[in-house]
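Trainee: Model the structure of this input:
(chains A and B)
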Amino acid sequence: MLEGLMIGLATAFSLTNILMVIGGCLIGTFIGMLPGLGPMSIIAIMIPVAITIGDPSAALILLAGVYYGAIFGGSTSSILINAPGVASTVATSFDGYPLARQGKAGKALTVAAIASFCGGTIGAILLMVFAPALASVALLFHSAEYFALMVVGLSAIAAFAGSGQVGKALLMTLLGLIMATVGEGALFNMPRFTMGVMDLQSGFGFITLAMAMFALPEALYLVLDPSRSSQGGDGNAIKDLRITRAEAKSIAPVIGRQSVQGFLIGVLPGAGATIASFLGYAVERNIAPKAEQAEFGKGSLKGLAAPESANNAACTGSFVPLLTLGIPGSGTTAILLGALIALNVTPGPRLMVDDPQIFWAVIISMYLGNLILLVLNLPLIPYIAKILTVPRTFLIPFILFFTLMGAYIGQNNATELLILVGLGLCATVLRFADYPLAPLLIGFILGSMLENNFARAMQLYDGLGFILERPMTMGLLALAVILVLLPSYRARRARLRAEGVADAD
Amino acid sequence: MALDRWIALVILMICLAYGYAAFFTMDAGLAPFMKRNPIWPSTFPKILSVLAVLTALTVLLGLEKGATEPKPMEINYRRLTEYKLGQALMLLALMVAYALLLRPFGFLLSTLAFLTIGSLILGERRLHILLPVAAIAAGLVWYLVQVVLGIFLSPWPAFMANGG
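Mentor: Numbers count the residues shown, from 1 in each chain, chains lettered A, B, ... in the order given. Next up is the predicted model:
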């Protein structure tokens, strides 16, 4: 491990890579602050840039920097104008915005930055411990287990990511898998389901799909409902960034607990930063003393520190399954996976053996990114926050334009833009009806890997025998079935109990 | 019937068509030696289509009942006309127009037009600010993509390009 750490330090501390972290954090903060552009959209827009860099470590460091920056920027906008750019910072606005209304915006931002820094750093330390251990276990896996593991991941995402309706989330996952089979795969030398359309020969572009699923619907929502981007703020200057010793003392245990809890939630596929932040907020409110409990929601520093440290630790945690198993647990890591594949790097247990410099450089860049956010971005926040005063009449056309450019640069093909608009419209309608969109994208990205592993296992065992012959595969597949069926079973039991039907336990 | 079940119906139709293709038409063109393979190009799609049809039916028939009440929606689609629907549709049309005109009109001109008309649709009337901002943005993005990223973007209308 020490050797790897040294390689990582040597790679991450080259001048280019330090500049990449700084640039990524600044770009991420800048764009992440805008309502309507979450980390997923920003990373999708940055992918063509990252791919042009060519060096996978540098590209991944840049994207990771953008990711942290975007999360930080999202918290800033939810504190200052109560407009969380991302779902995972919604909990931040519960206590952050009241603080800003009381004129303590500077203090709130400092607490948020310190909590994020600690959450991210503790998360990175845990990642350093967990990832190699998990990877060494994963090296024992065959294609059959990989297939089963991906099925488990996808079912977990469907079970946790949806808004309580597993059926809808599962349907979206399957739709994503179906979309992944369109075009010419690596496995079979024939195009499938292209309906004779030449532009579908190479399948759907994943950047196009990412833009269509997230950036475009969000922009359309901003257009439809102007109050979503309620802007202008209060115009009061951000001053007094300092916090007192007593305040630091009171939030320290909160940050410690939530960093660990957030990290563990982040490791689970499908759970991710949003659940971590809400759960962190709820847990801290419940264990706080009575007097402090009343303050939650009215500007409690603890209530601000809890979701902030939890969501940053969870973001770091979500790198564990990506780097060790090659299975993304969230939409954002799914997009990162797409970028890695485009750069000719296959994340998975072999990553640590074959390309240790990439793995360790990313971990080192996490420390570096967190540090930069704390010492470089925090003092700049009053100036960066000026971007929030850009009127929406300018903002929205630019968001749409960057969405279009992201898809166009990737493919250099005008038909791609029409596909983008069409899929974006479908995604907006799906969002109206409360269908979760992240499972679709994750299904799409995992689709070809899932099919390749399935095919390899089928070929090795000459049929479906691998399910019966490999106990681990069977166990994992059973787990996947339970994950999908459990929520509706529990809902059914809760309903029966509510109706007064006797329940035997 | 609520919108989510209409969507499930549409998805069901798509899955049925997909399944039909996977089960009945795809294997026709398969080379004989491929048929000895345990896995065919249509194997995985077959499994997917069966699972997807079953799931779509579950959602369509409302077999899964949530324990909780439906939460309030961010945008209520039943009252869509009360939102700025016109602006959204016009912007979508503008994006389609941009996609179609990007090649013939060249990047700089179409981007300038896209940003300007987009802002005008949203109610911006300060043309003296809007036009310079749009022009600078178009120029800057073209420079970044063409020179920094090295991806070719034809800047001028097609009739001005050489050889075209």
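Trainee: Give me the residue ranges of chain A where confidence is low.
Mentor: Of all residues in chain A, those with pLDDT under 70 make up the ranges A:1, A:35-37, A:83-87, A:161-164, A:185-187, A:189, A:228-241, A:270-271, A:410-411, A:499-505.
Trainee: what's A:Arg192 sitting at in phi/psi?
Mentor: phi -120, psi 140 (degrees, to the nearest 10).
Trainee: which residues does it bridge with?
Mentor: Following DSSP bridges, A:Arg192 is listed with bridge partners A:Gly183.
Trainee: Could you give the number of residues near it?
Mentor: 19 (other CB atoms under 10 Å in any protein chain shown). (Each C-beta comes from the backbone N, C-alpha and C, glycine too.)
Trainee: Likewise for B:Leu140?
Mentor: Neighbour count of B:Leu140, defined by other CB under 10 Å: 10.
Trainee: got it, and B:Ala22?
Mentor: Residues near B:Ala22, counting by other CB under 10 Å, number 26.
Trainee: now the strands for the stretch 201-350 of chain A?
Mentor: Counting by DSSP state E, counting those that start in this stretch, one finds no strands in the stretch 201-350 of chain A.
Trainee: Taking it, what residue is nearest to chain B?
Mentor: A:Leu224 (4.1 Å; CB to the nearest CB).
Trainee: Contacts only, for the closest residue to that residue other than its chain neighbours.
Mentor: Computed as CB to CB, 6 or more residues apart in numbering or on different chains, the closest residue to A:Leu224 that is not its neighbour in sequence is B:Tyr83, at 4.1 Å. Going by CB atoms under 8 Å, 6 or more residues apart in numbering or on different chains, B:Tyr83 touches A:Leu224, A:Asp225, B:Ile75.
Trainee: Kindly report the domain assignment for chain B.
Mentor: B:3-67, B:83-160 (automatic domain parsing).
Trainee: Give me the neighbour count for residue 49.
Mentor: Defaulting to chain A. Here the count is done by other CB under 10 Å, and A:Val49 has 21 residues near it.
Trainee: should've been chain B
Mentor: 24.
Trainee: What separation do you get for it and A:Pro132?
Mentor: Note on B:Ser49: its distance to A:Pro132, by CB to CB, to the nearest Å, is 40 Å.
Trainee: before we move on, what about A:Thr316?
Mentor: Taking CB to CB, one finds A:Thr316 at 15 Å from A:Pro132.
Trainee: So if I had to pick from the two, which one is more boxed in?
Mentor: Taking other CB under 10 Å, A:Thr316 and A:Pro132 do not tie; A:Thr316 has more neighbours (29 against 17).
Trainee: mind checking how far the nearest residue to that one once chain neighbours are set aside is from chain B?
Mentor: Leaving aside its chain neighbours, A:Thr316 sits nearest to A:Gly123 (3.0 Å; criterion: CB to CB, 6+ apart). Distance, A:Gly123 to chain B, using CB to the nearest CB, to the nearest Å: 30 Å.
Trainee: Is A:Gly123 in a helix, a strand, or coil?
Mentor: At A:Gly123 the chain is in helix, as set by DSSP: H, G, I helix; E, B strand; the rest coil.
Trainee: in chain A, which residue is closest to the centre?
Mentor: By CA atoms, centre = their mean, chain A has its centre lying nearest to A:Thr332, at 3.5 Å.
Trainee: Does that residue touch A:Pro39 like I think?
Mentor: Yes: counting by CB atoms under 8 Å, A:Pro39 is a contact partner of A:Thr332 at 5.1 Å.
Trainee: re the thing from before, got a markdown table for the contacts of B:Tyr83, with neighbour count too?
Mentor: Output for those, formatted as a markdown table (neighbours: other CB atoms under 10 Å in any protein chain shown):
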| residue | neighbour count |
| --- | --- |
| A:Leu224 | 20 |
| A:Asp225 | 16 |
| B:Ile75 | 16 |
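Trainee: in the lengthiest helix in chain B, what's buried?
Mentor: Longest helix of chain B, by residue count under DSSP state H: helix B:85-105. Neighbour-count burial for helix B:85-105, counted by 16 or more other CB atoms under 10 Å in any protein chain shown, picks out B:Gln87, B:Ala88, B:Met90, B:Leu91, B:Leu92, B:Leu94, B:Met95, B:Tyr98, B:Ala99, B:Leu101, B:Leu102, B:Phe105.
Trainee: Go ahead and confirm A:Ala385 touches A:Met33.
Mentor: Yes: using CB under 8 Å, A:Ala385 makes contact with A:Met33 at a distance of 7.2 Å.
Trainee: neighbour-wise, which of the two wins?
Mentor: Legend: neighbour count by other CB under 10 Å for A:Ala385 and A:Met33, higher for A:Met33 (27 against 22).
Trainee: which residues does that one contact?
Mentor: With CB under 8 Å, 6+ apart, A:Met33 has these contacts: A:Gly73, A:Gly74, A:Thr76, A:Ser77, A:Gly85, A:Ile384, A:Ala385, A:Ile387, A:Leu388.
Trainee: quick one: what helix or strand has whichever residue of the stretch 251-400 of chain A sits closest to chain B in it?
Mentor: Nearest residue of the stretch 251-400 of chain A to chain B: A:Pro397, at 3.1 Å (CB to the nearest CB). If you go by DSSP states H and E, A:Pro397 is part of helix A:392-411.
Trainee: Give the buried residues for the helix or strand harbouring A:Leu485.
Mentor: In this structure, A:Leu485 sits in helix A:471-498 according to DSSP H and E. For helix A:471-498, burial by neighbour count (16+ other CB under 10 Å) applies to A:Thr473, A:Leu476, A:Leu477, A:Leu479, A:Ala480, A:Leu483, A:Val484, A:Pro487, A:Ser488, A:Ala491.
Trainee: just stretch B:49-65 next, same as before
Mentor: Buried residues in stretch B:49-65 (16+ other CB under 10 Å): B:Ser49, B:Leu51, B:Ala52, B:Val53, B:Thr55, B:Ala56, B:Leu57, B:Thr58, B:Val59, B:Leu60, B:Glu64.
Trainee: and which of these is nearest A:Ala148?
Mentor: Within the buried residues of stretch B:49-65, the smallest distance to A:Ala148 is 15.3 Å, found for B:Leu51 (CB to CB).
Trainee: State the number of residues packed around residue 38.
Mentor: Picking chain A for this. Applying other CB under 10 Å, I find that A:Gly38 has 26 neighbouring residues.
Trainee: sorry, should have said chain B
Mentor: 15.
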